[in-house]
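[1] turn this into a structure:
(4 chains, ligands or ions: 4)
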2 protein chains.
Amino acid sequence: MMTNGLQNRQTAIPEEINGLRMTRQRQEVYRFLMGERTHPTANEVFMKIKEALPSVSLATVYNCLEALVQHKIIRQVNFDREPSRYCPNLDEHGHFHDETTGTIHDVKFKPGINLTDILDLPPNTVIKDIEITLRGQLA
Amino acid sequence: MMTNGLQNRQTAIPEEINGLRMTRQRQEVYRFLMGERTHPTANEVFMKIKEALPSVSLATVYNCLEALVQHKIIRQVNFDREPSRYCPNLDEHGHFHDETTGTIHDVKFKPGINLTDILDLPPNTVIKDIEITLRGQLA
DNA sequence: GCGGCAAATTAGAATCATTCCTATTTTGAT
DNA sequence: ATCAAAATAGGAATGATTCTAATTTGCCGC
Ligand SMILES: [Mn+2]
Ligand SMILES: [Mn+2]
Ligand SMILES: [Zn+2]
Ligand SMILES: [Zn+2]
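    Numbers count the residues shown, from 1 in each chain, chains lettered A, B, ... in the order given. Ligands and ions are numbered 1, 2, ... in the order given. Have a look, this model is predicted:
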């Protein structure tokens, strides 16, 4: 029998992820992002979750996204000076921006490749984060 | 004898580079960048060249920088949502952002490495540009 | 359950790098 | 010199993001 008082309408989201309390707003942001491969902007997230949570504000969406990024639950992706986009894929990967369609695709690294191996870094360098961005077209 | 009527006060900059006419303002922007390893922002360029050209405007600096980037004379570098920075190094290279000092360092690739070789790209992908960005600290 | 408190949310104002607008100046070509 | 095109300057506008202040919510001990 269900000890949980909530109905399981969808995939259950835990109360807390990586130490971040999952409020209703954060759940909606997180749930939407997990089902998207398109790397939506904050405003796209906002417009979408308003359907389920009409009172949500854009400021809250920014707050939620920042909290989720800070707790390494999602990643923030920037292309030049365009609005930031958000990515649920936590594997190490790059981003290919298709100029023809405007779409963004995750790019995996070939197995066994260590990014820092190919870089000529000064000794004693501690790398916290690497970002790889590609621009081009899918001919 | 000098057929050129101008005095050679400094390293001469040609009238035209990559098809871009080198106006006085563009020369100043270009000259300053060529002597800098710090990847200055538009505003830093502005403040510096005002010394030699007090009437220059920030709008013109942005115009010059855009023209120089478009003609592949310099490169624009973005870190997250920070103000754009500009780089005179046209070799293929990445950028390491030292969080401790806030400084930015060029990072070469080890010889014989082809960036696209390590990426798992879909076939028929034409890559126009690759950008590699690192964040961390020089311990 | 109830008061108190910290965290989260909200709406709207503020920020600020960048872009846009437009009048003026400069340039290069006839 | 004349003209058209390109470049510049200064100021206004833009827009993603952040900040502020005022609620609201969730949670703890009573
Ligand atoms: Mn860039
Ligand atoms: Mn980034
Ligand atoms: Zn991604
Ligand atoms: Zn550089």
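
[2] now the helices: where do they sit in chain A?
    Applying DSSP state H to chain A gives helices spanning A:24-34, A:42-49, A:58-70.

[3] how is chain A divided into domains?
    Following automatic domain parsing, chain A resolves into domains at A:16-86, A:91-136.

[4] which residues touch the residue nearest to the spatial centre of chain A?
    Nearest residue to the geometric centre of chain A (C-alpha atoms, centre = their mean): residue A:87, 2.3 Å. With contacts defined as C-beta atoms under 8 Å, 6 or more residues apart in numbering or on different chains, the neighbours of residue A:87 are A:33, A:39, A:74-77, A:95, A:106. (Each C-beta comes from the backbone N, C-alpha and C, glycine too.)

[5] now it, nearest residue through space, not along the chain?
    residue A:75 (4.6 Å; C-beta to C-beta, 6 or more residues apart in numbering or on different chains).

[6] what's the neighbour count on the one you found?
    20 (other C-beta atoms under 10 Å in any protein chain shown).

[7] what of the one 5 residues further on?
    By the criterion of other C-beta under 10 Å, residue A:80 has 12 neighbours.

[8] ok, now which ones touch it?
    Applying C-beta under 8 Å, 6+ apart, the residues near residue A:80 are B:76, B:78.

[9] rewinding a little: now the contacts of residue A:87: which count as buried?
    Among the contacts of residue A:87, those classed as buried by 16 or more other C-beta atoms under 10 Å in any protein chain shown are A:33, A:39, A:74-77, A:95.

[10] chain A: strands as residue ranges?
    Using DSSP state E, the strands of chain A run over A:16-17, A:20-21, A:75-77, A:85-87, A:94-98, A:104-109, A:119-120, A:125-138.

[11] got these as JSON lines, with distance to residue B:51 and mean pLDDT columns?
    Shown next, in JSON lines, are the strands of chain A (distance: least, C-beta to C-beta, whole Å; pLDDT from 0 to 100):
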{"stretch": "strand A:16-17", "distance to residue B:51": "52", "mean pLDDT": "92"}
{"stretch": "strand A:20-21", "distance to residue B:51": "49", "mean pLDDT": "95"}
{"stretch": "strand A:75-77", "distance to residue B:51": "37", "mean pLDDT": "98"}
{"stretch": "strand A:85-87", "distance to residue B:51": "39", "mean pLDDT": "98"}
{"stretch": "strand A:94-98", "distance to residue B:51": "38", "mean pLDDT": "96"}
{"stretch": "strand A:104-109", "distance to residue B:51": "42", "mean pLDDT": "95"}
{"stretch": "strand A:119-120", "distance to residue B:51": "35", "mean pLDDT": "92"}
{"stretch": "strand A:125-138", "distance to residue B:51": "35", "mean pLDDT": "95"}
